[in-house]
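> the sequence and its predicted three-dimensional model are supplied below.
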Amino acid sequence: MVFERNGFSAVMISVDENRMANAASGMAVNDECKLKFLELKAKRTYRYIIYKIEEKQKQVVVDKVGEPANGYDDFTANLPADECRYAVYDFDFVTEENCQKSRIFFIAWCPDTSRVRSKMIYASSKDRFKRELDGIQIELQATDPTEMGLDVFQSRAN
């Protein structure tokens, strides 16, 4: 319903429409997502974890994991070219002071070629999912591989 007053127009949203918007972002988080993340964070069991949303089950699940020996190229090769994903990457680097460090990156991967509905679901669920993963240090949002190149990781990690 649209109404006008003193030259301003406003849109009223019904309670049902509001409920539907909240339902879209109300994805559950599978327990395995948190357990794998804790293993990556505390034990460094994995180099990366890729998560996907199972729309029919209305939950975020683990899609793939990378062993500690797997590198950045393996990680990017496992991100689908035309589907959205969330990912966590444990990035090792050496500072200018020659200190070995590590940062945990959260990546919201939403390629331009993915379905619009998928982009909307991932965008609306991202903050809630990210809050479930306690210990994320840096967030990246990428629509193509150049937005999450090794140079981007290096510059954001320092």
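Okay, I see it.
> helix, strand or coil for the spatially closest residue to Asp82 that is not a sequence neighbour?
With sequence-adjacent residues excluded and distances taken as CB to CB, 6 or more residues apart in numbering, Asp82 is closest to Thr113, at 4.3 Å. Just so you know, the C-beta spots here come from the backbone N, C-alpha and C atoms, and that holds for glycine as well. The three-state label given to Thr113 by DSSP: H, G, I helix; E, B strand; the rest coil is coil.
> wait, Thr113 sits on Cys84?
No. At 10.3 Å, Thr113 and Cys84 do not qualify as touching, with contact defined as CB atoms under 8 Å.
> those two: who's more crowded?
Remark: of Thr113 and Cys84, Cys84 carries more neighbours, 23 against 11, as counted by other CB atoms under 10 Å.
> and that one, how far from Lys36?
For Cys84, the distance to Lys36 equals 19 Å [CB to CB, to the nearest Å].
> got it, and Arg115?
From Arg115 to Lys36 the distance is 26 Å (CB to CB).
> looking at these two, which is more packed in?
Neighbour count, other CB under 10 Å: between Arg115 and Lys36, Lys36 has more, with 19 against 11.
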